[in-house]
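A.B. asks: Build me a model:
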Amino acid sequence: MNSEFEHMREEEIMRFVRGEMGPEELNAFEEQIKSDSLLKEEVALQRSVYNSLNENEWDTSEMSTTEEIEELKNVLNEPGLKRASETIKQVGNTYASMDTSELKTSKKTYKWLAMAATLLLLLTIPFLLKNQDKDFYTTYEDWNALPSFVEKGSSQNSLALAEELYKKDKFEETIAHLKENIDAESTLYPASLIYLGAAYFKSQNSAKALAVFDQLVDTKTLYSSYGYWYKLLIYLQKNDQTNAQKMLDVILTSPDNYNFKKAEEINASF
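C.D. replies: Residues are numbered from 1 along each chain as shown. Here you go, the predicted structure:
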């Protein structure tokens with residue numbers, strides 16, 4: 001079988017796979033497939049590769065919303081997935097152009113490489129779908145929007161200075177200032193703990209941040225539930241699903257807890 005004939009055969013297979021054949025040609029080709037096991041194998045390979053690369057072939061019948069269908073399309077446009085698709089296409093083009101009479105072994109290798117690449121692509125998509133838009137931390141983190149507890153006319157008190165330092169991203173200075181001036185007897189003690197814990201977290205010290213937020217929870221004040229929320233954010237950032245779920249469960253025990261609605265949103269799709 002010369003390369004020109006094989007190229008024509010590849011084109012014929014692709015027209016069959018794409019549904020571009022007329023009735024008579026289609027019937028004749030289907031008869032050839034029945035009697036030619038090699039042709040049947042080639043058709044199966046080309047169909048597998050084509051379906052994996054063509055988003056129109058993906059079954060969306062079980063997707064109940066337009067958002068879910070758009071999610072799939074976004075996944076298919078992921079840079080990594082596009083690169084994998086291009087690699088498969090290049091393999092397919094090389095495979096189709098090779099002369100069987102001279103490179104039988106190599107051509108067989110390319111065939112299996114294309115099949116393996118297609119399988120990898122198919123296995124990757126469910127993973128991407130599962131993780132698409134599930135970065136709860138990025139969606140809900142609010143370290144730059146901490147509540148302000150400073151009243152007008154109180155700009156010189158300890159907490160006011162801490163807030164100012166924090167908002168300027170001077171986290172180490174915020175920590176040093178609060179550690180020196182924090183007063184457990186003050187009514188602003190819970191608020192000071194919020195800024196101290198946040199400053200530790202922004203300084204890449206999650207362990208100390210969690211410890212401070214535990215102190216906040218233990219104050220048994222109206223601001224105790226803030227500690228649960230900020231601990232939840234830390235666990236989400238660390239991808240600690242077990243402890244994140246524990247924090248969600250605690251927050252959801254009462255609608256009065258800080259960011260109860262946001263916790264409900266996260267829990268609904270966690």
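
A.B. asks: Report the helix or strand with the lowest average pLDDT across this protein.
C.D. replies: Here the helix or strand of the chain ranked lowest by mean pLDDT, DSSP states H and E is helix 66-76, holding a mean of 53.

A.B. asks: Count residues in the vicinity of D256, would you?
C.D. replies: For D256, the neighbour count with other C-beta atoms under 10 Å is 8. Any C-beta I mention is one placed from the backbone N, CA and C, and that applies to glycine too.

A.B. asks: Equivalent analysis for E11, please.
C.D. replies: For E11, the neighbour count with other C-beta under 10 Å is 11.

A.B. asks: Likewise for K246?
C.D. replies: 15.

A.B. asks: any idea of the pLDDT on it?
C.D. replies: As predicted, K246 sits at a pLDDT of 96.

A.B. asks: swap in the one 3 residues further on?
C.D. replies: D249 carries a pLDDT score of 97 in this model.

A.B. asks: Find the helix or strand that it is a member of.
C.D. replies: Using DSSP states H and E, D249 maps to helix 241-251.

A.B. asks: Past that helix, which element shows up next along the chain?
C.D. replies: Next along the chain after helix 241-251, taking DSSP H and E as the criterion, comes helix 260-268.

A.B. asks: what's in contact with that following helix?
C.D. replies: Here helix 260-268 makes contact (C-beta atoms under 8 Å, 6 or more residues apart in numbering) with F136, Y140, W229, L232, L236, L248, I251, L252, S254, N257.

A.B. asks: what domains does the record give for this protein?
C.D. replies: 3-133, 138-268 (automatic domain parsing).

A.B. asks: okay, and for the chain, where does confidence drop off?
C.D. replies: Within the chain, the ranges that satisfy pLDDT under 70 run 1-3, 49, 51-134, 151-156.

A.B. asks: Which residue ranges of it form strands?
C.D. replies: Read by DSSP state E, the chain holds no strands at all.

A.B. asks: Could you pull out the helices in it for me?
C.D. replies: Along the chain, the segments classed as helices by DSSP state H run 3-17, 23-35, 37-53, 66-76, 79-97, 104-131, 136-140, 158-167, 171-181, 189-202, 206-218, 224-237, 241-251, 260-268.

A.B. asks: and the angle from the second one to helix 37-53?
C.D. replies: When you say that, I think you mean helix 23-35. 120 degrees (axes from the mean of the first three to the mean of the last three C-alpha atoms, to 10 degrees).

A.B. asks: Go ahead and produce CSV holding the CA coordinates of helix 23-35.
C.D. replies: Provided in CSV are the C-alpha atoms of helix 23-35 (Å, rounded to 0.1, in the frame of the first residue of the first chain):
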residue,chain,number,x,y,z
PRO,A,23,-25.6,7.7,1.6
GLU,A,24,-24.0,5.5,-1.2
GLU,A,25,-20.4,6.1,-0.2
LEU,A,26,-21.4,5.6,3.5
ASN,A,27,-23.0,2.2,2.8
ALA,A,28,-20.0,1.1,0.7
PHE,A,29,-17.5,2.1,3.3
GLU,A,30,-19.4,0.4,6.1
GLU,A,31,-19.3,-2.8,4.1
GLN,A,32,-15.5,-2.4,3.8
ILE,A,33,-15.2,-2.0,7.5
LYS,A,34,-17.1,-5.3,8.1
SER,A,35,-14.7,-7.2,5.9
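
A.B. asks: just checking, what packs against that helix?
C.D. replies: Where contact means 3 or more C-beta pairs under 8 Å, 6 or more residues apart in numbering; DSSP states H and E, helix 23-35 is packed against helix 3-17, helix 37-53.
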